[in-house]
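# Got a predicted model here, sequence first, then my questions.
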Amino acid sequence: LKRITLFTRRRIDKMKFSMLAIAGAALSSGVLGFTGPTLSTGRSFAARNVLKMSTAVETDVKASLATAANEARGLAMDSIAAAHSGHMGLPLGAAEVGATLYGGQLKYNAADPQWMNRDRFILSAGHGSMFIYSWLNLAGYDLPMEEVKNFRQHHSMTPGHPEFPNSEHNTPGIECTTGPLGQGVANAVGFAVSEKMAEARYNTDEHTIFDHTIFALAGDGCFQEGVSAESAAFAAHEKLDNLVILYDANEVTLDKMAEYTQSEDILARYSAYGWEVYDIDGHDLDAVDAAISAAKSSKNGKPKFIKCNTIIGKGMEETEGTNAAHGEAGIPYVDKAKKSIGIPEGEKWYVSDGTRDFFKGVAKKNEATYDAWQSEYASWTSANPALAKELVDSIEDNVMPIDEMMKTIPATNAPAEATRVSGNNAIQEVAKLVPNYISGSADLHGSCRNYINDGGNFGTGFDKTYAGKNLYFGIREHSMGSILNGIAYHGIFRASGSTFAVFVDYFRPTIRVAALAELGRVSYILTHDSIGVGEDGPTHQPVETVSGLRVFPNLDVYRPGDAEETVAAFGHSVTRKDGPTALIFSRQNMDQNSDMDYMARREGTLKGGYVAKKETADLDLIILATGSELQHALKAADGKAGTRVVSMPCMSVYERQSDDYKESVLPSTCSKRIAMEAGVSGLWYKYASKVVGVDRFGFSAPGDTVMEELGMTADNLIAQIETMN
């Protein structure tokens, strides 16, 4: 790394400046920023261009950006003070980064926040949400000042952490839900994957309709979390040079100064991954602008990492540069701080006419870019009507209706087989019917069987291209989950990812976010579903996992019991619009319920639960089962005229059915019920008075042996039924 002196070394937290004074000094002297640390850069551009940075931003524009930065600080202070809750540190410390992005570097049109070729900005450090709310208001998005004032209040457009538009919030300009640290960085990698894929699929030699950049702003906490490291390695390996990560390097974490828990050279780490790295003064508008310009223009196969050295809570003398600045500790000093940075005394949520006029000018420039793209898009559409229809359908999520899909996919006529095998057959049919469906695996394509035949592989090198439908995530489950979310947020493709069910805990936090963000474009293929895994032993035999997923609100968990149920479950996963789906498949073979019509099984599965075998006499007993235990329930019911078997592949979907339907499946007049599943028993007591489950860990032995020893057989089910009154 080359070393260049931009400003002398810290302690930066002892330096107290008004940003208006800084801007005035910079304008009058014509020199670069203020004096501070010695910094490094991973590119020779900085050494070549450091003397030019002082004129990189026009003088009048720089003054406007400096003023806007301070007014954004004021908005954040006022909103957090009014809420008596929030995080001031990042909004105050990274204000110059926000001014540079929204004041010129981001490609966006506030009047059309869903423009498909807009740059994307992700606030990975979501606790600093007043940063993005302030800039969205200043940039002209439909986020009224009243909503800025309602920060963290019920039903406001400004929740505590940014939320992707959903049934609770719809805030224009918010690209993804963030808060769990590190996930936003990984989401940004997913955005970059999706953008590269869109370029490869839809750009032509004559027309470029996708060429945008993905930006994310993150802090120390994001880079201490392992998910960002996993994703950084993936991004560099696949040469995602459309990705720019801005590191708000303020040397502070919540409990202590960052040096208490970290001492790594993060630039060296990212350089080793294969990123292009920059190290700048994050308060110097010229330096920020020059670094972002260089990062955007450098198409060398390397993602970009810009370390922006900042003062946390800048502008508030009592707390800036300390861990106290992270949260709301500065509320008592808001009025004094606002005055010190040039906000008129007594004014709250103040934005000057000059700043409003400046952003009107930005909007006009953005509209010119937008209009030129619209002309390009119109020409592309005219020249490529079929491709254009596919793209519009993908963006609008126009998927074949589920009933039509079920009629289109032929009967499986499957022999006894594992549902992971049934799933492999189903994914081929689904991929033909849903052109924007892609799938990936955390190094388990061969075991999970979710490879899309003839779909090609995504990435660079070997046999990979950016148009490929199969993603190889490596052994990076947490990253996979976050990247899938990023692909979904980007809004073009539907994506699934696979691993063994027992490893879902590696990326459980990302499933939670997908569920609360209502990401219908995401699904999970989780195989080796139970103690039937066998010889690998209890480390690989999930017993608590499936129930652990079922308790997530808004996650549909399907554990199908035969090939036809598997087809329906897959269909549900690619047609659901308001939340993710987890598909739980077996390693062990299971019999088919071939006595029942294949379409009736599919239709029943789509309702979450259905009568798989109806009684032939007065109803006396109901057996509920799911997955590989359905076959045992059907055998146990043989010869018992008053026994009904109910297949329950998805509890949450069943619960959404009408009361009349649920009564028809599980009539209240029959209280003698028993349920069976090769997993923990707790959730089944909602439906049954007795449960045959596995409330312990398994052991290493052939799968059939483990199943028999732990009671997962038809004979044991019959024996348990005989004990019931």
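All right, it came through fine.
# Every contact and neighbour count from this point should use C-alpha atoms.
Noted.
# which residues sit against stretch 567-574?
399, 402, 405-406, 422-423, 426-427, 430, 434, 437, 494, 520-523, 558, 560, 580-583, 602-603, 605-606 (CA atoms under 8 Å, 6 or more residues apart in numbering).
# Filter these down to the ones in helices?
402, 405, 406, 422, 423, 426, 427, 430, 602, 603, 605 (DSSP state H).
# How many neighbouring residues does the closest residue to the last one other than its chain neighbours have?
In space, not counting the residues next to it along the chain, residue 605 is nearest to residue 565; the distance is 5.7 Å by CA to CA, 6 or more residues apart in numbering. The burial metric for residue 565, expressed as a neighbour count using other CA atoms under 10 Å, is 30.
# How about residue 367?
Neighbours of residue 367 under the rule other CA under 10 Å: 18.
# Could you do residue 493 as well?
25.
# Was I right to think residue 355 contacts residue 70?
No. Using CA atoms under 8 Å, residue 355 is not in contact with residue 70, being 10.5 Å away.
# and the two? which has more neighbours close in?
With neighbours defined as other CA under 10 Å, residue 355 and residue 70 compare such that residue 70 has more, 26 against 19.
# Within the helices and strands, which one has that one?
For residue 70, the host element (DSSP states H and E) is helix 59-83.
# In the very next helix or strand once past that helix, which of the residues would be classed as buried?
Sequence order places helix 89-93 as the next helix or strand after helix 59-83, per DSSP H and E. Within helix 89-93, the residues scored as buried using 16 or more other CA atoms under 10 Å are 89, 90, 91, 92, 93.
# which residue sits closest to the last one, ignoring its sequence neighbours?
In space, and not counting its chain neighbours, residue 93 is closest to residue 312: 4.5 Å by CA to CA, 6+ apart.
# now the third one
For residue 91, the nearest residue in space outside its immediate sequence neighbours is residue 131; the separation is 4.3 Å by CA to CA, 6+ apart.
# what's the neighbour count on residue 615?
18.
# mind listing what it touches?
640, 641, 642, 643, 644.
# In JSON lines, list the residues you listed along with pLDDT.
Output for the contacts of residue 615, formatted as JSON lines (pLDDT from 0 to 100):
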{"residue": "640", "pLDDT": "96"}
{"residue": "641", "pLDDT": "97"}
{"residue": "642", "pLDDT": "98"}
{"residue": "643", "pLDDT": "98"}
{"residue": "644", "pLDDT": "98"}
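# Among those, which one lies nearest to residue 490?
Each of the contacts of residue 615 was scored against residue 490 by CA to CA, and residue 644 proved nearest at 45.8 Å.
# wait, that closest one sits on residue 614?
Yes. Under the criterion of CA under 8 Å, residue 644 makes contact with residue 614 at 4.9 Å.
# Those two: which has the busier surroundings?
More crowded of residue 644 and residue 614, by other CA under 10 Å: residue 644, with 27 against 17.
# the strands in the stretch 551-700 of the chain, which residues?
Taking DSSP state E, counting those that start in this stretch to define them, one finds strands in the stretch 551-700 of the chain at 556-558, 581-584, 610-613, 621-625, 643-647, 673-676, 690-692.
# out of those, deepest packed?
strand 556-558 (a mean of 29; mean count of other CA atoms under 10 Å).
# the inter-axis angle of the lengthiest helix in the chain versus helix 59-83?
For the chain, the longest helix by residue count, based on DSSP H, is helix 353-383. Between the axes of helix 353-383 and helix 59-83, defined by axes from the mean of the first three to the mean of the last three CA atoms, to 10 degrees, the angle is 100 degrees.
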